[in-house]
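Participant: Here is a sequence together with a model predicted from it:
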Amino acid sequence: MNKHADTSTLVAIQQAQLVLAEKRTSLATLRTGIAVFALPLSVLSVLVATSRYYNVFEVLPLLVPLVAFSGGLAILGAYLITRAILNIRKFDRLIHQISDRHEQVAELFK
């Protein structure tokens, strides 16, 4: 019985390690999503700040693709952020479930 308890605890700790590794990956995705989302905002803020130095209608052929590309990056960033947050919440629930089933694992997360 003691060996079974030790094996069960070891398996639970390994499961928790796997879930935590996946959570770290989701946190990296979140960080990337924030950076991708912030880039178009930075570019557009520079364009707005310097708008008095150029005529919008003269640079419109350059401005339209830039704004479209920036919009695409903003959508990609929002997708990455949303996906990462949902995954992080899922992994937190899994860690909580593992902790509920094994007291020794729960002590590690106190």
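Facilitator: The structure has been received and is ready for your questions. Numbers count the residues shown, from 1 in each chain.

Participant: the helices in the chain, which residues?
Facilitator: Along the chain, counting by DSSP state H, helices occupy 2-49, 60-101, 103-108.

Participant: Columns mean pLDDT and mean neighbour count on top of the ones you listed, output as TSV?
Facilitator: Glycine gets a C-beta too; all of them are placed from N, C-alpha and C. Shown next, in TSV, are those (pLDDT from 0 to 100; neighbours: other C-beta atoms under 10 Å):
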stretch	mean pLDDT	mean neighbour count
helix 2-49	92	14
helix 60-101	96	14
helix 103-108	84	13
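
Participant: what sits against the residue nearest the centre of the chain?
Facilitator: The chain has Leu30 as the residue nearest its centroid, 1.8 Å off, counting by C-alpha atoms, centre = their mean. Shown in contact with Leu30 (C-beta atoms under 8 Å, 6 or more residues apart in numbering): 80-81, 84-85, 88.

Participant: want to throw those into a markdown table with distance to Leu60?
Facilitator: What follows is the contacts of Leu30, written out as a markdown table (distance: C-beta to C-beta, whole Å):
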| residue | distance to Leu60 |
| --- | --- |
| Leu80 | 30 |
| Ile81 | 31 |
| Ala84 | 36 |
| Ile85 | 37 |
| Ile88 | 41 |
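
Participant: Which of these sits closest to Lys110?
Facilitator: Here the nearest of those to Lys110, counting by C-beta to C-beta, is Ile88; it sits at 20.0 Å.

Participant: Could you find the closest non-adjacent residue to the closest one?
Facilitator: Spatial nearest neighbour of Ile88, chain neighbours left out: Ser26 (4.9 Å); criterion: C-beta to C-beta, 6 or more residues apart in numbering.

Participant: pretty sure that neighbour is touching Asn87, no?
Facilitator: Yes - with contact defined as C-beta atoms under 8 Å, Ser26 and Asn87 form a contacting pair (4.1 Å).

Participant: and Thr50, backbone torsions?
Facilitator: Backbone torsions of Thr50, given as degrees, to the nearest 10, read phi -100, psi 10.

Participant: With the one 5 residues further on instead?
Facilitator: Backbone geometry at Asn55, expressed as degrees, to the nearest 10, gives phi -100, psi 120.

Participant: returning to that earlier point: any idea how far the residue nearest to Ile88 lies from Ile34?
Facilitator: Using C-beta to C-beta, to the nearest Å, Ser26 is found at 13 Å from Ile34.
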